[in-house]
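Participant: Just to be clear, the model below is a prediction. Sequence and coordinates:
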Amino acid sequence: MQLLKHSTGRKVILSTLWVFFIFNIIYADILSLMKVTFTGYDVSSADNAELVQAILSPAMLLLIAIILELGMVMIVLSRVLKHAVNRWANIVIAIIQALVLIASLFVGTPTMYYIFFATIELATLFFIVWYAWTWPKPTVA
């Protein structure tokens, strides 16, 4: 029986990192919803309503959903894809997620908790890129 070395452990770790990343996104969004709910953010004024409509258009919400789904699908794909495809999928999707996350810091004024979560998320994404980049080709024993 052939045994692949160095492959299964990386798959599990990468999948777990994607779970950690997604949980951070979820909790950052929950805190943002709590802020809107408890502070009574006024979306009725003309300036705020236009900003919210521009940011949360149906097309933008679809784009956000696709970007979030990329991170969620990597939880599964990290475990099932073969080495070469898995490695590149983790690198490419993590870079896309990092670019979107960095761009999100320039929409409005980010709160301190959002900067905190974004820092954790970026560190996780950079680690995913590094970990996938340094993933050696599995050897057959």
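Facilitator: That came in fine, so what should we check first?
Participant: mind checking how far the top helix by length along the chain is from the chain centre?
Facilitator: When the chain is parsed with DSSP state H, its longest helix is helix 8-39. Distance of helix 8-39 from its chain centroid, counting by Cα atoms, centre = their mean, to the nearest Å, is 8 Å.
Participant: again with stretch 69-89
Facilitator: When C-alpha coordinates are averaged (Cα atoms, centre = their mean), stretch 69-89 and its chain have centres 13 Å apart.
Participant: Stretch 112-124 too?
Facilitator: Centroid displacement of stretch 112-124 relative to its chain, using Cα atoms, centre = their mean, is 11 Å.
Participant: sorry, back to before: avg pLDDT for the longest helix of the chain?
Facilitator: On average, the pLDDT along helix 8-39 is 85.
Participant: what's the following helix or strand after the helix or strand harbouring Leu61?
Facilitator: Of the helices and strands defined by DSSP states H and E, Leu61 is found in helix 58-80. Next along the chain after helix 58-80, taking DSSP H and E as the criterion, comes helix 83-104.
Participant: what about that following helix, average pLDDT?
Facilitator: The model assigns helix 83-104 a mean pLDDT of 96.
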